[in-house]
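> Can you look at this prediction? I've put the sequence above it.
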Amino acid sequence: MVGVYLILNTIDLNVTCNETTHSEVIHRKDTRALSCLLAVIELFKGSPYLRILEFMSMREKNDLFTVRRIARNIDMNHKNVIKYLDSLITTGLIEIAYIRNNMKLYRLTEKGYALGSRMLGEKSS
C-alpha cells in the first residue's frame, strides 16, 4: 500500500510552469501517474483495498456507506473492513462523511472516485 500512497501523492500535481503549457504539463504528469497506478492495481487485483474501492465506485458519486454495507457486498468480516477503510482514509481515497454515536458513514473522495471509475473503465475495455 506504501507504493500506491506514493503514486497517489504525485496525482496532486504540485507543478509550477508557465501559463501556456500549464494544462499540458498537468495532463502529462496526471496520465503518467495514473498509468503507473493502474500497473500497481494490476499487481494487487483482488486485494481488499481494491474490492472496497470498486464496490464504492459502482454506486452514485456521493453515496454514503456503512461498514456493514461494504462488508456484506465484498464478503468480508466487518472488523477487517474497518482496518482497510482506515488505510484508505490515510491515503485520501475515502473520507468519513458522518459520525454519530456508534455509527460512521464513509464516502469516496474525488481522488478515490476518479481512481475507482478508472479501474471500472479498464475492466470493461
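Cool, the structure landed.
> and Asn77, what is it in contact with?
By C-beta atoms under 8 Å, 6 or more residues apart in numbering, the contact list for Asn77 reads Ala71. In this view, the C-beta of every residue, glycine as well, is placed from N, C-alpha and C.
> how close does it get to Arg68?
As defined by C-beta to C-beta, to the nearest Å, Asn77 lies at a distance of 11 Å from Arg68.
> all helices for the chain, in order.
Taking DSSP state H as the test, the helices found in the chain are 2-11, 22-43, 48-57, 67-74, 78-90, 110-124.
> Give the buried residues for the fourth one.
It stands for helix 67-74. Neighbour-count burial for helix 67-74, counted by 16 or more other C-beta atoms under 10 Å, picks out Val67, Arg69, Ile70, Ala71, Asn73, Ile74.
> so where is the protein shaky, pLDDT-wise?
Low-confidence segments of the chain (pLDDT under 70): 1-30, 37-38, 40-44, 122-125.
> try 90
1-47, 49-50, 59-62, 101-102, 113-125 (pLDDT under 90).
> how close does the residue lying closest to Asn80 once chain neighbours are set aside get to Ile70?
Setting aside the residues directly before and after it, Asn80 is nearest to Pro48 in space (C-beta to C-beta, 6 or more residues apart in numbering), at 6.8 Å. For Pro48, the distance to Ile70 (C-beta to C-beta) stands at 10 Å.
> Can you check which residues contact both of the two?
Common neighbours of Pro48 and Ile70, using C-beta under 8 Å, 6+ apart, are Met76, Val81.
> first vs last residue of stretch 87-96, how far apart are they?
Length of stretch 87-96, first residue to last, C-alpha to C-alpha, to the nearest Å: 12 Å.
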